[in-house]
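Trainee: I need the structure of the sequence given here:
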Amino acid sequence: MPMGAFPPEVEQFELPVTFSLVAHFTFGVTGALAGLRRGYDIIGVIFLAMITAGGGGLIRDGILISKGPPSILTDTYLLLLIVAAAVVTLFLHRHIERVGRAIAVVDALGLGAFAVLGVERSLQAGLSPPAAILGGTITVVGGGLLRDILVREEPLLFKPGQFYALFAIGGCCFFLALLRAGWWSPRQSGILTVVVVFALRLLAIRFNWQTSALYRQPPPPA
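Mentor: Alright, predicted model coming up:
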């Protein structure tokens, strides 16, 4: 059995269907909002919603795992849900802007859950633990990265800001450590990881924990 792989006799962590739908819907809303701010039409808004909600899994499954299409391309209901998120945002975006706190809470839940899901699927594909950490991190941040690239903005992932990618990496490492310790089943380890990452993300929002730039101003060109 590859190092870090799930023991065959132990149940695996599965993301609850309801939460998965809510998280994908919320990420779709954030992508649609980005399209509206750029002045895109309905096609651009829907496409950005799809990329933001499913881009992480698309990169993970298409590049790292290379084993079949990602779930966003095989699950009809998930795809329709993201389209619905874009349409709802199109008509209610002025009100959606007012519920940013609720979106942040769901996003904090998705941060830990998608990190665990990415690690699990990477390990199932036979990847090593370091590659699984990369797979879990990409699952979390890949959609936002593709969104920023498509709208020609400097990716938020690369700029100083509230702890997000660091928590994604930390959540992946924590989940793997629990699996290797063997104290709990993968499902229990996954739930504990989601709870810990969720709590830390809310604390980061509450106290505005941020990374800092390595240089206060950009270094001169070479």
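
Trainee: what comes up buried for the helix or strand containing Pro130?
Mentor: Secondary structure assigned from DSSP states H and E places Pro130 in helix 129-150. Going by neighbour count (16 or more other CB atoms under 10 Å), the buried part of helix 129-150 is 129, 131-148, 150. Bear in mind the C-beta positions are built from the backbone N, C-alpha and C, glycine included.

Trainee: any low-confidence regions in the protein?
Mentor: Of all residues in the chain, those with pLDDT under 70 make up the ranges 1-16, 19, 96-97, 99-100, 216-222.

Trainee: helices and strands around the biggest helix by length in it, which ones?
Mentor: Using DSSP state H to define each element, the chain has its longest helix at helix 100-124. In this structure, helix 100-124 makes packing contacts with helix 17-37, helix 42-59, helix 129-150, helix 165-181, helix 186-207, judged by 3 or more CB pairs under 8 Å, 6 or more residues apart in numbering; DSSP states H and E.

Trainee: Export these as a markdown table, with columns for distance to Leu73.
Mentor: A markdown table is the format used below for these (distance: least, CB to CB, whole Å):
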| stretch | distance to Leu73 |
| --- | --- |
| helix 17-37 | 13 |
| helix 42-59 | 8 |
| helix 129-150 | 14 |
| helix 165-181 | 23 |
| helix 186-207 | 24 |
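
Trainee: Gly118: which of those helices is closest?
Mentor: For these, proximity to Gly118 was assessed by CB to CB; helix 129-150 is nearest, at 3.0 Å.

Trainee: Done for today, thanks.
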